Each structure stands twice: as structure tokens, then as C-alpha cells.
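K.L.:
This is a predicted model, with the sequence first.
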Amino acid sequence: MEIRQFAPDDTEAVDRYVEVENDVRAADSPWEHPLTRHEAQGIFAYGWDLEPSRPSLAVVGTEIVAVGDYSISDYDNLHLAWISVHVHPEHRHRGHGSALLAGLVDQVRATGRTSVGTDGWESESTSAFAAHHGLQRKAYEVNRRQVLAELDWAELDRRYDEARAAASSYELLRQLGRTPDEDLEAVALMVSAINDAPTDDLDIEDEVFSPERVRAYETAHEQRGITIHRLMVRHRETGELAGQTVVGVDQERPHIAEQHDTSVVAAHRGHRLGLLLKLEMNRWLRESQPQLETIDTWNAESNDFMISVNEALGYRVMGRALAFQKSI
């Protein structure tokens, strides 16, 4: 097998990657939205916050039998890399996944990382592959989707009124796109509340957020063609930012969106702010993005609070994923 790394501007390689990835999704997770060239190029050029993943094609003869990538961060978790391995359905059970994984692990070792993580949709084959390579199951994650046409707005309005009453000491702030420079430090401090979300048994450290990282996140998504809607709550008496929810709307396919972060600062919990933020976001998107059809979100299966909020807002389970990790 030849493992060919490629750059985001290598359009032919990107297209081949997209073809394989979409065949994998059709076989394993048909509810997933297809990957597009534009989306893939954005991920490979800008990543989540200007730390893009390194993609590869796995080639045997003239056939591309699998695709993969790895990603690392220089902000935190300097011991860790995340690896993705997807084998085309027509080329499975021939050792290609094992060969690609081994090649990507070698690439990761060269960066000085000492641990790798990976994930896959829950299945016997996913678990067997991980066990074969000494990857231990560390976490469960669930993909849910909200279909906006199915929302019971009368019920959501009732919940909204209740949440507003419980959060009368807070005001809601809408921010489209980039954070003003003077607010970056306060936003970075608020964003760090996401570290309280459960990570199960994964060997990971808290993420480190700085004003520069907040700006990098916004820049990366702007370059990828994703419109960021950041909704925050601010405590009226102290002026502190108490929590946020963020949704990105795809400009290429404006009928779909993804939930990014939802978190509430510990000192401000107990006022139904999480529910209020999510409800207000739905209201904002109904006004500003009337063409929007679906919003996808991910949660650790152990995150009971956020799951209860999402279920109250009509999110339904699409798929369950397993996360694995091992020392290298």
C-alpha cells in the first residue's frame, strides 16, 4: 500500500477522497450529509481553529482503497493525535485498514505524540478492529438531529417563557460572525466552561482557550464558508458572560447547520440558561435563516443534562459512535 498525503489545493486528490468518504457514509451512516469538495478543502486548509488535519489516500495498484487523516493541536493535549481510517466498502477485510492505521501512527510518532485516539460508528466490526489494534474503548458519543419543520412552536414558546422567568437576572446577546476585539478576552474565559462537559475515560486534558484561539476558530469557519451564530447570556448585575450556544450554518448548503458549543459557566448554573440559550437560538435562526432545515449536534452519552435539553427541543438520535484510545 502507498499512503499519499495531499494538500487542500490538490483538487483531484480531494475529489477522490470525497468519493471514497461518501461511499463509506452511504454504507455505514446513510443519515450523514454527503461530504462536498468545498467542505473537504475547508477542513484540510483551515480545520476547526486553524489547525487543519493531514489527509491521505491509501492506494493499492491503481485503486484508492481507503482514506484517512490525523489531527493534532498545539494549543493543548500535546501528547495526543486523532486518527481517522475509512476503508471503501468494496475493499474491506483485506488488511487495508490495518495498513493505513499503521502508516498514520508512524506519521503521528514523527510529531512526537505518544497517544492516539480514533472513533467509529457503533458496530461489531468497529469494536473488533479497535480491539485488534489495542485501542481501548474510552467514550460513547451520540449524533442527534433537530428537524425544524417538526418543531412544536407552541410548546417551545411555553418552555421559553418558563426559562426566561427563571433567568430574569440575565440578558441575551446575539453575535453574528466575528467577536469584537475588545470582547475576545471575556469570550475566551466563558468558552472554557466547555471543559466541564464529560469526557468519560479518555486521556485528555482541559482545552486551553485564549483570545487568539477564539479568533482562530472564527477565522477558520469564515474561510470555510460557515456563518457563525454565537448567542450569549450576560449577568445583568456583574456584566459577566455566563454562557453561550453556537451554531454554524453552511453557506454552500444553507439548509443544514451544526451545533458547536453549548456551555454555561459553573457559577451561573441553576437558572435554566442552557435551555434558554438553545430555545433563543432556534428563534434567532427561524428569523435569520428561514431556509434552514436541520441542525446536528453531538454529545457524550453521559452528558445527561445537555441530552435532556436537546430531547426537549425535539432532537432525535441518528447514530451512536465509540471513541477509542491507546498509547503509542
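P.N.:
Looks like it came in fine. Numbers count the residues shown, from 1 in each chain.
K.L.:
When you work out contacts or count neighbours from here on, use the C-alpha atoms and nothing else.
P.N.:
OK.
K.L.:
Quick one: residues contacting the residue nearest to Arg178 when sequence neighbours are not counted.
P.N.:
Spatial nearest neighbour of Arg178, excluding adjacent residues (C-alpha to C-alpha, 6 or more residues apart in numbering): Glu218 at 6.0 Å. Listed by C-alpha atoms under 8 Å, 6 or more residues apart in numbering, the contact partners of Glu218 are 49, 177-178, 228.
K.L.:
Just the buried residues of the strand or helix carrying Glu218, please?
P.N.:
Using DSSP states H and E, Glu218 sits in helix 211-224. Judged by neighbour count using 16 or more other C-alpha atoms under 10 Å, the buried positions of helix 211-224 are 211, 213-222, 224.
K.L.:
need the helices for the protein, in chain order.
P.N.:
Taking DSSP state H as the test, the helices found in the chain are 11-28, 37-46, 96-109, 124-132, 153-166, 184-191, 211-224, 273-288, 304-312.
K.L.:
TSV for those, including mean pLDDT and distance to Ala257?
P.N.:
Converted to TSV, those look like this (pLDDT from 0 to 100; distance: least, C-alpha to C-alpha, whole Å):
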stretch	mean pLDDT	distance to Ala257
helix 11-28	98	18
helix 37-46	98	13
helix 96-109	98	30
helix 124-132	97	27
helix 153-166	96	19
helix 184-191	97	20
helix 211-224	98	13
helix 273-288	97	10
helix 304-312	92	15
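K.L.:
what about Ile228, neighbour count?
P.N.:
23 (other C-alpha atoms under 10 Å).
K.L.:
sorry, back to before: nearest to Thr199 among the helices of the chain would be which one?
P.N.:
helix 304-312 (12.6 Å; C-alpha to C-alpha).
K.L.:
Give the other helices and strands that the closest one contacts.
P.N.:
With contacts defined as 3 or more C-alpha pairs under 8 Å, 6 or more residues apart in numbering; DSSP states H and E, the packing partners of helix 304-312 are helix 273-288.
K.L.:
export the helix it packs on as CSV, just CAs?
P.N.:
What follows is helix 273-288, C-alpha atoms only, in CSV (Å, rounded to 0.1, in the frame of the first residue of the first chain):
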residue,chain,number,x,y,z
LEU,A,273,-29.7,29.1,31.0
GLY,A,274,-28.8,26.1,28.8
LEU,A,275,-32.4,25.6,27.8
LEU,A,276,-32.9,29.3,27.3
LEU,A,277,-29.9,29.6,25.1
LYS,A,278,-31.0,26.7,22.8
LEU,A,279,-34.5,28.0,22.6
GLU,A,280,-33.4,31.5,21.8
MET,A,281,-31.1,30.2,19.1
ASN,A,282,-34.0,28.4,17.4
ARG,A,283,-35.9,31.7,17.4
TRP,A,284,-33.0,33.6,16.0
LEU,A,285,-32.4,31.0,13.2
ARG,A,286,-36.1,31.0,12.4
GLU,A,287,-35.9,34.8,11.8
SER,A,288,-32.5,35.0,10.1
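K.L.:
Just the angle for that helix relative to helix 304-312, thanks.
P.N.:
Here helix 273-288 runs at an angle of 40 degrees relative to helix 304-312 (axes from the mean of the first three to the mean of the last three C-alpha atoms, to 10 degrees).
K.L.:
Run through who's touching helix 273-288.
P.N.:
156, 160, 163-164, 167, 231-233, 243-245, 262-264, 292, 306, 309, 313.
K.L.:
Pull the most distant pair out of the contacts of Glu218.
P.N.:
Maximum distance among those (C-alpha to C-alpha): 14.2 Å, for Asp49 and Gly177.
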